[in-house]
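Colleague: what follows is a predicted structure for the sequence shown.
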Amino acid sequence: MRVHDTEMPQRPLVLVTRRLPGEALALLERVARVRVWDSDEEMPRRELLAQVADADALLCLLTERVDAELLAAAPRLRVVANMAVGYDNLDLAALAARGIVATNTPGVLTETTADLAFALLLAIARRLPEGERFVREGRWTTWAPLLLLGRDVHGATLGIDGAGRIGAAVARRARGFGMTILYTARAPRPELERELGARQVAFDELLAHSDFISLHLPLTPETRHRYDAAALRRMRPTAYLVNTARGPLVDSAALDTALREGWIAGAALDVTDPEPLPATSPLLTLPNCLVVPHIGSASVATRTRMASLAAENVVAVLEGRPPLTPIPH
Ligand code: GLV
C-alpha cells in the first residue's frame, strides 16, 4: 500500500490523495501526521473511504468526489482543501451540514490557465496539431499556397463566456492580438470595458458574434450542457470553441456532431466529458478537434503554489485560524 504516516499519534492526521510538488507536505508535517497516497494515479474510491476514516483533514484533487458517502466515512474531518480553483467535485451543502470548512486555490493559477487557453486558441486556429503530424509523417514535400490554411486570430472577435479572473486574464492576452472582446458575466466588468474595450453581451449574442469562444464558467446544475446542440448551432460555422473550464459545460455528443457537420470550425479542449477522454472517443478522430489532458494549471511554479496554498489552508484550520481561501457557502 502506497500510504505512509509520519509518527506522533497525538497530532491531527491529514490525508493527501496524491503526490504533490514543492513544500506542501513539509508544511503539513510541521503540525500534523501526514498520510499520502504516494502515486500519480487516482486513489481508488474504496481506499479513499478507508483511509479517510480517522483523518482530521483531507487535501484532495478535483478527481475526488467529496460527497455525503465520503463524509459519513470520515467522522473526524474538519477541513477539505481542494487543490483546484473549481470545486464541483465537492458537495458544499453536505460539508456545511457537518460544519466542515472547504477551501480551494483561487488566484494562484489564473495566469497559467489563461496562457493555456490562449495556446489552445492559437493552436486550433492555425492548425498546429495537424501541421505537426504532417511533418512527423514525412508528408512535407514543398511550400504550398493552399497547405494547412487556418484562421487569423489577430483582429478576430473573442467571446469570453464567464469573465471572472481567468476569463479576464484571457481577454487581456487577446487585446495584444488586436481582438474585439465580448463577454458574459453576472455583473458588468467596467475595468475590462475601460482597459480592453470589452463589451458585455447576452449569451445568444456571444454565440452569434464570436469567432472564438473561450469558456470560463464554473460547472453547476445551471451551466451543465450550456453548449448543447441548440447553442452550438447558433455559433458561426467559422468559429472555434475553447474549453479550459469543465468538460460537462459542453454536450460531447452535440459537439461531435457540430464538428463533423461543420456547424463550427473546430474545438480545443483541455477538459472533456467524460474525463479522462477514452482513446476510442470519436472526438479524437477529428482533425478539427484538439484535446489535451486537463493541464490548464500545469506549470511547475503554479502547481507548486496550488499545493502549498491547499496545505496552508489545512494548517490554518488545524491551528484554529481562518483558512486563507475558503469556499463561500
Ligand atoms: C482545475 O481545473 C482547477 O479547477 O483548478
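Modeller: Nice, thanks for sending it over.
Colleague: chain center to the lengthiest helix in the chain: distance?
Modeller: Taking DSSP state H as the criterion, the chain has its longest helix at helix 300-318. Its chain's average C-alpha position is 17 Å from that of helix 300-318, according to Cα atoms, centre = their mean, to the nearest Å.
Colleague: quick one: is it near the ligand?
Modeller: No: Helix 300-318 stays clear of the ligand (Cβ under 6 Å from any ligand atom), getting no nearer than 7.0 Å. Using the backbone N, CA and C atoms, a C-beta is placed for each residue, glycine as well.
Colleague: need the CA coordinates for that helix. CSV is fine.
Modeller: Below are the C-alpha coordinates for helix 300-318, written out as CSV (Å, rounded to 0.1, in the frame of the first residue of the first chain):
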residue,chain,number,x,y,z
VAL,A,300,6.0,23.9,-12.2
ALA,A,301,5.5,27.2,-10.4
THR,A,302,1.7,27.2,-10.4
ARG,A,303,1.2,23.6,-9.3
THR,A,304,3.7,24.2,-6.5
ARG,A,305,1.8,27.3,-5.4
MET,A,306,-1.5,25.4,-5.6
ALA,A,307,-0.2,22.6,-3.4
SER,A,308,1.3,25.0,-0.9
LEU,A,309,-1.9,27.1,-0.7
ALA,A,310,-4.0,23.9,-0.2
ALA,A,311,-1.6,22.8,2.6
GLU,A,312,-1.7,26.3,4.2
ASN,A,313,-5.4,26.2,4.3
VAL,A,314,-5.3,22.8,6.1
VAL,A,315,-2.7,24.1,8.6
ALA,A,316,-4.7,27.2,9.3
VAL,A,317,-7.9,25.3,10.1
LEU,A,318,-6.0,22.7,12.2
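Colleague: any idea of the mean pLDDT in it?
Modeller: In this model, helix 300-318 has a mean pLDDT of 98.
Colleague: just the buried positions in it, please.
Modeller: 302-318 (16 or more other Cβ atoms under 10 Å).
Colleague: one more: stretch 322-329?
Modeller: 323-327.
Colleague: and which of the residues you listed is nearest P106?
Modeller: Nearest to P106 among those, counting by Cβ to Cβ, is T325 at 5.7 Å.
Colleague: my guess is that closest one meets G107, correct?
Modeller: Yes: counting by Cβ atoms under 8 Å, G107 is a contact partner of T325 at 7.4 Å.
Colleague: quick one: name the residues of the stretch 101-250 of the chain near the ligand.
Modeller: Near the ligand, when you scan the stretch 101-250 of the chain using Cβ under 6 Å from any ligand atom, you find L109.
Colleague: what ranges does the stretch 101-250 of the chain have for its helices?
Modeller: For the stretch 101-250 of the chain, the helices defined by DSSP state H, counting those that start in this stretch cover 110-125, 128-136, 165-176, 190-196, 203-209, 229-234.
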